[in-house]
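Enquirer: Curious how this folds, go ahead:
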Amino acid sequence: MVFFAAINLDFFLPRFAPGNAAEIFASGTRLPSSEIALLTERFGLDKPLYIQYELFLKGIFANWPPDFGVSFQYYPYSVSYLIGVRIPWTLLLIAISLLLSFQISYLLAGFSTIKRGSKFEFGSLYGSIIFWSTPAFWIGMILIWVFAVWLGWLPVFGSIGFKPGSGLSYAYSVIIHLILPVLTLTAVIFGQNYFVLRGASQEVIKNDYVLAAKARGIKKSTIAFGYVIRNSLLPLVSLTGYSFASILSAVVLVEAVFGYTGIGDLIVDGILNRDYPVLEGSFFYMTLIVVIGGLIGDLLLLKLDPRLRR
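Expert: Prediction:
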């Protein structure tokens, strides 16, 4: 039901925005109204809404992979081709950022458990709150100003250089363009992850088995990472599985700021140009990622905590 409601919103929400692709294409030009009418007909926007909706549902359920037609803006490329080209870049960005944020949150939460009440603990906590509450686009613009404009170390725009070459040269171009987007998205995800992990660890540390480990003289680092943080991961895994929607919304902002050629940047172009097929296809696959992310989160919880299988 949730998935069906989501794909209906994918269809109707873009059409609630004023104007259509033909009118936007003609804006700033001197195209006569007859030409605009031909464009409207070419895009199929002259058909009644219920017929457009019927074609939309047929494209999803009568084909696999789903067929969303041809992009208005990138004609004659199909939506499936555009998403197939761009989604690997987005998945690469998300995967690296998630791994980094998990590692940083895990280490900082562990050291905060060892140094409870210290400046390190309070600094980590306040830092996570700042990152969590700061918009992704603002963090991205600050990083651009510092590392690209002021220091000139990293590129500002794109996912690869204009002449990336091949082999190691291509890999270097990909990595150097990936650094700032990854840092931005990692900072956003870290703020939430650390806050949840620290909160869970404050409850775990009160358990009897932790007090018993302290009484046996086990090292603080072993207690922190082997007992406290390890048993505090369940809320974090559950949160990550169900927070893919917020992560993807942050990805759209990050890719828009850096002009990173992923699916988020494609969505922004689709919104600006009322490219309905692109928006329908992009939102469909993002919805699919959110649903799959929630399912993976549930399966990991069952794996980590056998009590949930009962």
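Enquirer: pLDDT weak spots in the stretch 201-310 of the chain?
Expert: 241-242, 304-310 (pLDDT under 70).
Enquirer: What mean pLDDT does stretch 4-18 get?
Expert: On average, the pLDDT along stretch 4-18 is 81.
Enquirer: Distance check, the residue nearest to the spatial centre of the chain against Gly293.
Expert: Most central in the chain under C-alpha atoms, centre = their mean is Leu248, positioned 2.7 Å from the mean C-alpha point. Note on Leu248: its distance to Gly293, by C-beta to C-beta, to the nearest Å, is 9 Å. C-betas here are computed from N, CA, C, even on glycine.
Enquirer: wait, what's in contact with the residue nearest to the centre of the chain?
Expert: Neighbour list for Leu248: Ile94, Gly264, Met286, Ile289, Val290 [criterion: C-beta atoms under 8 Å, 6 or more residues apart in numbering].
Enquirer: what about the nearest residue to Gly270 once chain neighbours are set aside, neighbour count?
Expert: Closest residue to Gly270 apart from its sequence neighbours, by C-beta to C-beta, 6 or more residues apart in numbering: Val278 at 3.8 Å. The tally of other residues near Val278 (other C-beta atoms under 10 Å) stands at 29.
Enquirer: one step back: let's see if you can find the most crowded of the contacts of Leu248.
Expert: Neighbour tally across those (other C-beta under 10 Å): the maximum, 27 neighbours, falls on Gly264.
Enquirer: ok, and for the helix or strand where Asp265 lies, which residues are buried?
Expert: Secondary structure assignment for Asp265, by DSSP states H and E: helix 263-273. For helix 263-273, burial by neighbour count (16 or more other C-beta atoms under 10 Å) applies to Ile263, Gly264, Asp265, Leu266, Ile267, Asp269, Gly270, Ile271, Asn273.
Enquirer: Mind jotting down where the helices sit in this protein?
Expert: Remark: helices assigned in the chain by DSSP state H are 2-16, 21-26, 33-42, 49-61, 79-114, 119-133, 136-143, 168-204, 208-215, 220-222, 233-242, 244-258, 263-273, 276-304.
Enquirer: Throw those into CSV and include distance to Ser159, thanks.
Expert: Below are those laid out as CSV (distance: least, C-beta to C-beta, whole Å):
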stretch, distance to Ser159
helix 2-16, 25
helix 21-26, 26
helix 33-42, 31
helix 49-61, 28
helix 79-114, 6
helix 119-133, 24
helix 136-143, 14
helix 168-204, 5
helix 208-215, 45
helix 220-222, 39
helix 233-242, 25
helix 244-258, 8
helix 263-273, 9
helix 276-304, 17
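Enquirer: circling back to that earlier point, quick check, distance from the helix holding Asp265 to the centre of its chain.
Expert: Relative to the chain's own centre, helix 263-273 is displaced by 14 Å; criterion: C-alpha atoms, centre = their mean, to the nearest Å.
Enquirer: How about stretch 145-157?
Expert: Using C-alpha atoms, centre = their mean, the offset of stretch 145-157 from its chain centre is 23 Å.
Enquirer: where are the low-confidence patches of the stretch 51-200 of the chain?
Expert: For the stretch 51-200 of the chain, the ranges with pLDDT under 70 are 161-165.
Enquirer: now do 80
Expert: The model of the stretch 51-200 of the chain has pLDDT under 80 over residues 62-65, 75, 113-118, 121, 158-168, 170, 199.
Enquirer: how long is stretch 253-266 end to end?
Expert: 11 Å (C-alpha to C-alpha, to the nearest Å).
Enquirer: Show me what it is in contact with.
Expert: Residues contacting stretch 253-266 (C-beta under 8 Å, 6+ apart): 82-83, 86-87, 89-90, 93, 135-137, 140-141, 144, 156-159, 177, 180-181, 184-185, 188, 248, 251-252, 268, 278, 282, 285-286.
Enquirer: Any quick PyMOL command for the buried ones out of these?
Expert: Selection of buried members from the contacts of stretch 253-266 for PyMOL, criterion 16+ other C-beta under 10 Å:
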select buried, resi 82+83+86+87+89+90+93+136+137+140+144+159+177+180+181+184+185+188+248+251+252+278+282+285+286
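Enquirer: Just to check, Ile267 is in contact with Leu279?
Expert: Yes. The pair Ile267 / Leu279 is scored as a contact, 6.7 Å apart, by C-beta atoms under 8 Å.
Enquirer: Over to Asp46: give its phi and psi.
Expert: Reported as degrees, to the nearest 10, the phi and psi values for Asp46 are phi -80, psi -10.
Enquirer: Surely it touches Ile36?
Expert: No. Taking contacts as C-beta under 8 Å, Asp46 lies outside contact range of Ile36: 11.0 Å.
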